[in-house]
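> Here is a sequence with its predicted model. Questions after.
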Amino acid sequence: MGKGARTVVTLVLFVLAAAGFGAGVKALLATPPTITFTPSSNGQVNIALQTVGSYGSGPHPTWVSYDMCAQSPTVSGCPQGQWVHSTIFQVPANTRVNMTIYQFDSGSPLRNQQLGQVTGTIGNVAKTNGKTFSVIDSNTGNGVGHTFSIPTLGISVPLLANGGTATLCAAAPCLPTSTAYVHNTVTFSFMTPKGSGSFAWQCFVPCGLGWLFGNAGPMQTVGYMGGFMKVA
Amino acid sequence: MTTEQPTPEAKPAAAAPPASRPKNGGGRDWVRILVIWAVLSIAADVVWIKLVGPHVPPGRMSNMAVGAAFDFNILIVMALPVLIGVWVYMIYAIFAWRASKGGPDPVAGKSSRGNGRIESTWIVLTTVIVLFLAGFGTYELIQPGGSGGGQGPSPLWTPTGKSPLQVQVIGQQWKWTYRYPSFGGFETNQLVVPVNTSIAFHVTSLDVIHSFWAYQLGVKADANPSADNVAFTTPLQTGYFVVRCDELCGLWHGSMFNEGQVVSKTSFQTWATRTEAMLAQNTKYLPPFAYSYVPDANGADGGYYPDAKDPYSPVETYGAPAPAGGG
């Protein structure tokens, strides 16, 4: 091979290596999209999430996950086609957020029953299928499926699990309007902080099945069982 | 390998020392050095004590914080004269005994063979300093405030003549919760303690190893699963303090922090009584208070644990009894 050919081959290999490195870095830095919510006419922000036992697609189809409605939900829920695989959302400061979570997953007792109580919401209460509650005894019934918790703000809401002989939705997005799969609709409201910042939120049920202690895999991956609430 | 051989034309690397060298380490030199050292050391210590010392972290919010800052200041006040002594001697030697002024031969002269008096003085001085610091450090550990670092469930030294308020600190990925056994064992997100009261933090974990670090209180203690690690402190001022996890405990370790509060004794009593009543419904679902718990290592369902067995208990809540024969 001549000197010119060797030079060309070297350059091509260098470019390929650089491109591979760049692609790797980009993949590592990739985050789910941030969904920005603006207040409705009453000055409040409406957000809808859903939980599903296995996402059903993407790089980890077996992972348990949250899913988010890309727009403020309507009275009948999130319009079809608007569900986005993300757990990062942005809301204004000092604003009331009305959260609706469609809980499609099964559950278990909580590792720490302290998380069975509702904290940090307006009135320290939430509603499951329209019924107000402040505590769930996770050692009875189907237990708790997940929690929606922002530890630094003291916000935590347990999401009642489905169970028994019910057919569970196994791939997102699960449609709340469909009767094919059971789900619990959990609603609550909270005030965003007066100052801006980025606040981590997560589920506190160690539900990453097959992972030692549960809190690895989907439990620590943004886009699955944890994310960020950006307050601007 | 080749070796450069000096050529006949090569000149000596250094000029021969002048015939009349000044005596190294003469009385006047030592007086000067001691005076310079004493003046600079006193000045440095005074500056440190007056200007820097009061601001040394973690501050003055508790007896442990005050103790940590005091110990640090003592170390600095003792270290500064040593540091300044070395610097003064070196700088004095560079200027007073340099070769161009006819200083002593540093390689082959008498100075290179050592000075027994200086060496023995140096060894004695440093030995005294180190032994003093060892004794001082030990005293600081066993002083009536007790240990602040956590020594497991049975600390060697505990606060004398006091019955501390017990507060259990529970770490879990990725938040802290707190139980108050004196108030029915309620568990809450909030860490509130009374001022001028001896506190015994019983630190434990429900999953991996965390470290409870109440920064302004001067308390840091590892949180180990199935273990009780006790650390003491007595808050001296009301106000807020930061609680962080100081042990890398997973990907979201950096999010594991919150804020605690020191309040008056009356306010604490009011808060604790009100919170006990407010959380009563959930407290009855908690396991009975214990100084450590046996958390279940499973995820949401024991059947999916790698060995397909439930290691400790049939449920995934802490405090559940271990089945006979282990898991």
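Now that the structure is in, tell me what you want to look at. Residues are numbered from 1 along each chain as shown, chains lettered A, B, ... in the order given.

> A:Gly150: what's it in contact with?
Wrong residue type there; residue A:150 is Ile, not Gly. A:Ile150 makes contact with A:Gly120, A:Ser156, A:Phe199, A:Ala200, A:Trp201, A:Met229, according to CB atoms under 8 Å, 6 or more residues apart in numbering or on different chains. From N, CA and C alone the C-beta is placed, and that goes for glycine too.

> Pull up the per-residue confidence for A:Pro73.
Per-residue confidence (pLDDT) for A:Pro73: 77.

> could I get the contacts of A:Ile150 as JSON lines with pLDDT, neighbour count and distance to chain B?
Written out in JSON lines, the entries for the contacts of A:Ile150 read as follows (pLDDT from 0 to 100; neighbours: other CB atoms under 10 Å in any protein chain shown; distance: CB to the nearest CB, whole Å):
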{"residue": "A:Gly120", "pLDDT": "94", "neighbour count": "17", "distance to chain B": "8"}
{"residue": "A:Ser156", "pLDDT": "95", "neighbour count": "24", "distance to chain B": "8"}
{"residue": "A:Phe199", "pLDDT": "94", "neighbour count": "17", "distance to chain B": "9"}
{"residue": "A:Ala200", "pLDDT": "94", "neighbour count": "20", "distance to chain B": "4"}
{"residue": "A:Trp201", "pLDDT": "95", "neighbour count": "23", "distance to chain B": "9"}
{"residue": "A:Met229", "pLDDT": "96", "neighbour count": "22", "distance to chain B": "12"}
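
> Filter those residues down to just the ones in strands.
A:Ser156, A:Phe199, A:Ala200, A:Trp201, A:Met229 (DSSP state E).

> where exactly do the strands run in chain B?
Assigned by DSSP E, chain B shows strands spanning B:165-172, B:175-180, B:186-188, B:191-194, B:199-205, B:210-214, B:219-223, B:229-233, B:239-245, B:257-263.

> same question, chain A
A:34-36, A:45-52, A:65-69, A:83-84, A:88-91, A:96-103, A:126-128, A:131-133, A:144-150, A:155-160, A:184-191, A:197-202, A:226-231.

> Kindly format the C-alpha coordinates of the fifth one as PDB.
Same thing as strand A:88-91. The C-alpha trace of strand A:88-91 is given here as PDB (Å, rounded to 0.1, in the frame of the first residue of the first chain):
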ATOM      1  CA  ILE A  88     -39.100  15.800  32.800                       C
ATOM      2  CA  PHE A  89     -41.600  18.700  32.900                       C
ATOM      3  CA  GLN A  90     -41.400  22.400  33.400                       C
ATOM      4  CA  VAL A  91     -43.900  24.500  35.300                       C
END
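
> Could you see whether chain B lies near it?
No. Strand A:88-91 lies out of reach of chain B by CB under 8 Å from any CB of the partner chain, never closer than 14.0 Å.

> Could I get the contacting residues of the closest residue in space to A:Ala171 that isn't next to it in sequence?
Setting aside the residues directly before and after it, A:Ala171 is nearest to A:Gly56 in space (CB to CB, 6 or more residues apart in numbering or on different chains), at 2.6 Å. Applying CB under 8 Å, 6+ apart, we find A:Gly56 in contact with A:Ala170, A:Ala171, A:Ala172.

> just A:Ile122 next, same as before
Applying CB under 8 Å, 6+ apart to A:Ile122 gives the contacts A:Arg96, A:Phe188, A:Ser189, A:Phe190, A:Met191.

> Please apply the same query to B:Asn196.
So, once contact is read as CB under 8 Å, 6+ apart, B:Asn196 ends up touching B:Thr234, B:Pro235, B:Leu236, B:Lys265.

> roughly how far out does the lowest-mean-pLDDT helix or strand in chain B sit from the chain middle?
Scoring the helices and strands of chain B by mean pLDDT, DSSP states H and E places helix B:116-142 at the bottom, with a mean of 88. Relative to the chain's own centre, helix B:116-142 is displaced by 21 Å; criterion: CA atoms, centre = their mean, to the nearest Å.

> what's the answer for stretch B:179-189, then?
With CA atoms, centre = their mean, you get 29 Å for stretch B:179-189.

> which one's the longest helix in chain B?
Scanning chain B for the longest helix, with DSSP state H as the assignment, gives helix B:63-96.

> Who is the residue nearest the centre of chain A paired with across the strands?
The centroid of chain A falls nearest to A:Tyr66 when counting by CA atoms, centre = their mean (3.2 Å). On the basis of DSSP bridges, A:Tyr66 is bridged to A:Thr51.
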